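Undergrad: Structure for this input, please:
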Amino acid sequence: MTISPETAIHFASTPESIARCYAVMRELRPALVSAEEFVARVQQQQAEGFQLAFLERQGQIVTVAGFRVQHLLVSGLTLYVDDLVTADAFRSQGNGKAMLDWLIAYARERGYDTFSLDSGTHRREAHAFYFREDMRISSFHFVLPLK
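TA: Below you'll find the model as predicted:
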């Protein structure tokens, strides 16, 4: 995928670059109470294979995606997106699509079998976006809080 010079997608691998993603990620994950907590949690997840990517336009982070690669019995080698969010002020401008296209291209270039993500049931606008991108609901995700 070609990205214009004023737009770039990078990996957040240093504490500083991870912290720069906090404000956008907090729009999706409001329970994250501080940039410090966010950095610590991302670094813990990175030790387990998690990757954090961000889309930057003219020096400002507008979209963030957290993902991991998993071998699953049901779908083979899968790029699974944990988090995908565009800052509210930058939605409906092609930023989420640019990130989604980049993630899918990343998976295809590496020969992965599938691409998947979960989306909260309350995120109707996100669901409409995913349907427009030819994604389909394949299952329900159930959760049981233990704390």
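
Undergrad: pLDDT-wise, which helix or strand of this structure ranks last?
TA: Least confident element among the helices and strands of the chain, by mean pLDDT, DSSP states H and E: helix 124-132 (a mean of 81).

Undergrad: buried sites along that one?
TA: Within helix 124-132, the residues that count as buried by 16 or more other Cβ atoms under 10 Å are A126, F129, Y130. For the C-beta atoms, the positions are set from N, CA and C on the backbone; glycine is no exception.

Undergrad: tell me the SS of V42?
TA: Secondary structure assignment for V42 (DSSP: H, G, I helix; E, B strand; the rest coil): helix.

Undergrad: Next, count neighbours for the residue nearest to it when sequence neighbours are not counted.
TA: Nearest residue to V42, sequence neighbours excluded (Cβ to Cβ, 6 or more residues apart in numbering): I18, at 4.9 Å. When neighbours are defined as other Cβ atoms under 10 Å, I18 has 23 of them.

Undergrad: The helix or strand hosting I18 packs against which elements?
TA: If you go by DSSP states H and E, I18 is part of helix 15-20. For helix 15-20, the contact count by 3 or more Cβ pairs under 8 Å, 6 or more residues apart in numbering; DSSP states H and E identifies helix 35-46, strand 51-57 as packing neighbours.

Undergrad: how big is the angle separating the longest one from strand 51-57?
TA: Okay, so that is helix 35-46. 130 degrees (axes from the mean of the first three to the mean of the last three Cα atoms, to 10 degrees).

Undergrad: Dump the C-alpha coordinates for helix 35-46 into PDB.
TA: Taking Å, rounded to 0.1, in the frame of the first residue of the first chain, the C-alpha atoms of helix 35-46 are listed here in PDB:
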ATOM      1  CA  ALA A  35       0.000   7.400  29.900                       C
ATOM      2  CA  GLU A  36       2.400   5.700  32.300                       C
ATOM      3  CA  GLU A  37      -0.100   2.800  32.900                       C
ATOM      4  CA  PHE A  38      -0.600   2.600  29.100                       C
ATOM      5  CA  VAL A  39       3.100   2.400  28.400                       C
ATOM      6  CA  ALA A  40       3.600  -0.300  31.000                       C
ATOM      7  CA  ARG A  41       0.700  -2.400  29.800                       C
ATOM      8  CA  VAL A  42       1.800  -2.100  26.100                       C
ATOM      9  CA  GLN A  43       5.400  -3.100  27.000                       C
ATOM     10  CA  GLN A  44       4.100  -6.100  28.900                       C
ATOM     11  CA  GLN A  45       2.000  -7.100  25.900                       C
ATOM     12  CA  GLN A  46       4.900  -6.500  23.500                       C
END
